[in-house]
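Student: Any chance you can model this:
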Amino acid sequence: SMFCSLEMRSGHLHVSYDFGFSNGPVHLEDTLKKAQINDAKYHEGEKSKDAPSWDPVGLKFLERNVPRDSYCHLSNSPRAIEDAYQYGGTANSRLEFEHIKGDFGERSQFSIRLKTHSSHGMIFYVSDQEENDFMTLFLAHGRLVFMFNVGQKKLKIRSQEKCNDGSWHDVIFIREKSSGRMIIDGLRVLEESLPPTGAVWKIKGPIYLGGVAPGRAVKNVQINSVYSFSGCLSNLQLGGTSVTSASQTFSVTPCFEGPMETGTYFSTEGGYVVLDESFNIGLKFEIAFEVRPRSSSGTLVHGHSVNGEYLNVHMKKGQVIVKVNNGIRDFSTSVTPKQSLCDGRWHRITVIRDSNVVQLDVDSEVNHVVGPLNLKPVDHREPVFVGGVPESLLTPRLAPGKTFTGCVRHFVIDGRPVSFSKAALVSGAVSINACPA
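Tutor: Just a heads-up that it's a prediction; the model follows:
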């Protein structure tokens, strides 16, 4: 069943279409189980940056109406444009929409609002498994390009004006058999068509919004437009379903309105960064970073080994706690800072581990613990999670119960600065280069 609806909302014409696919709720556990299968499908025979030993899962967005944290000076939900999402910062920043029932058949129609300063970058992509049939909207030299295949040929419609002026633009893009149409801001209608072919057009999910999964789209789109554009998208309605029902989220946050500053922002919807292998930690390390929380509880850093040993740094009602298991038992130390960590200022946290000795330093208030000595230590170097951790890795004793919200900067391991934009995975609502100030 298909329908089309038009409505006026705050002075803008909103067009929505349903061409017969829906997106039911997806549970994180199911997604965790499926992620490895999906990833194997997309990266047969290649080692992908997005496909390490743990499950590369993009968290679903939680609802934004999180109650204000009474311990905190700053709001945990900075001012943002309603139902608009910020993309970019990482090459594969994206929302994924699974569960497309059937294919798009002979006719499909999408509409979206966007604002950007990017000259190049991916906005929308969907294809079949082999990427022979595909449809995409991307930026090249500041112009919008709508493209899909008709048999072996590519139909391409390019906007005459540049659309990367930082203003909102409405775009409708329509595919009807071998004809395409793009309508920008309701005024300019661009049309192209190719001779029809008898070929059946088959499309399979997911729909990618923003960037694509690593390795996708390269076959059909020039490389500088394959990576996610930087900017905001809003009011995309696929089958009457708004953006928030995406099945997976990778490095996408609400579209914040106020001034921004440099840092990595973990939004209330939840998310985490997994650092690239070169920063894995073992029995001896020093981690230092600065933090400006908007929540008084949440995971800051987590390292986990296959045999159940772990290191976990989290806040609980303003107290900073380090818990370690070294294969013998759990041991921990904590600092309750005199100056609240949630006072809207920057605070420095350092964790130093040397085998069974762990020292925690919060704004130069220091505490340490000496745990039991493991006489047969195995120095597994393990991935480092920042700002959160998949629930599957947390024992009930460890769960802080809340996701960390706030900004992190100047993250250093063993004297080496960490670049979050080179992370192995950015999952959920994490903005890599900018924090609401």
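Student: can we go C-alpha only for contacts and neighbour counts from here?
Tutor: Noted.
Student: Could you list the low-pLDDT ranges of the stretch 51-200 of the chain?
Tutor: Along the stretch 51-200 of the chain, the parts satisfying pLDDT under 70 run over 51-67, 99-105.
Student: Would you map the strands across it?
Tutor: 80-87, 94-97, 107-116, 121-127, 134-140, 143-150, 153-158, 169-176, 179-184, 188-193 (DSSP state E, counting those that start in this stretch).
Student: Summarise which helices and strands the shortest one is packed against.
Tutor: With contacts defined as 3 or more CA pairs under 8 Å, 6 or more residues apart in numbering; DSSP states H and E, strand 94-97 has these neighbours: strand 204-210, strand 248-250.
Student: same thing with the fourth one?
Tutor: Under the contact criterion of 3+ CA pairs under 8 Å, 6+ apart, the helices and strands touching strand 121-127 comprise strand 134-140, strand 204-210.
Student: got the angle between that strand and strand 143-150?
Tutor: Using axes from the mean of the first three to the mean of the last three CA atoms, to 10 degrees, one finds that strand 121-127 and strand 143-150 are set 20 degrees apart in direction.
Student: Just the pLDDT for the nearest residue to P259 once chain neighbours are set aside.
Tutor: Nearest non-adjacent residue to P259, counting by CA to CA, 6 or more residues apart in numbering: A437, 5.7 Å away. With respect to pLDDT, A437 scores 91.
Student: Could you measure from A437 over to G406?
Tutor: Distance, A437 to G406, by CA to CA, to the nearest Å: 10 Å.
Student: now swap in I203 and tell me
Tutor: 39 Å.
Student: Compare those two (neighbour count), which wins?
Tutor: G406 (28 against 23; other CA atoms under 10 Å).
Student: what residues are up against the more buried one?
Tutor: For G406, the contact set (CA atoms under 8 Å, 6 or more residues apart in numbering) comprises 76, 265-267, 291-295, 435.
Student: Please give the element, helix or strand, for H410.
Tutor: Using DSSP states H and E, H410 falls within strand 406-413.
Student: Hmm, T299 is touching G387, no?
Tutor: Yes. Here T299 reaches G387: they are 5.6 Å apart, a contact under CA atoms under 8 Å.
Student: Need the residues touching each of these two.
Tutor: 403-404.
Student: which helices and strands does the helix or strand harbouring M315 pack with?
Tutor: Using DSSP H and E, M315 falls within strand 310-316. Counting contacts by 3+ CA pairs under 8 Å, 6+ apart, strand 310-316 is packed against strand 298-304, strand 319-325.
Student: Now do that strand and strand 298-304, the angle between them.
Tutor: Going by the same axes, to 10 degrees, strand 310-316 makes 180 degrees with strand 298-304.
Student: Just the mean pLDDT for strand 310-316, thanks.
Tutor: Per-residue scores along strand 310-316 average to 93.
Student: Hey, what's the angle from that strand to strand 319-325? Just curious.
Tutor: Using the same axes, to 10 degrees: strand 310-316 against strand 319-325 is 160 degrees.
Student: what are the pairing partners of strand 310-316, and which direction each?
Tutor: In the sheet, strand 310-316 lines up against strand 298-304 (antiparallel), strand 319-325 (antiparallel) (DSSP bridges).
Student: Of the helices and strands packed on strand 121-127, give the one that comes closest to S108.
Tutor: For the helices and strands packed on strand 121-127, the distance to S108 is smallest for strand 134-140, at 10.1 Å, taking CA to CA.
Student: now that closest one, how far from the chain's geometric center?
Tutor: 20 Å (CA atoms, centre = their mean, to the nearest Å).
Student: With stretch 270-287 instead?
Tutor: Centre to centre, stretch against its chain (CA atoms, centre = their mean), the figure for stretch 270-287 is 18 Å.
Student: Give me the outermost residue of this structure relative to its centroid.
Tutor: L375 (40.9 Å; CA atoms, centre = their mean).
Student: distance of that residue from F385?
Tutor: 27 Å.
Student: So which of the contacts of G406 is the closest to V366?
Tutor: Nearest member of the contacts of G406 to V366, counting by CA to CA, is V291, at 16.8 Å.
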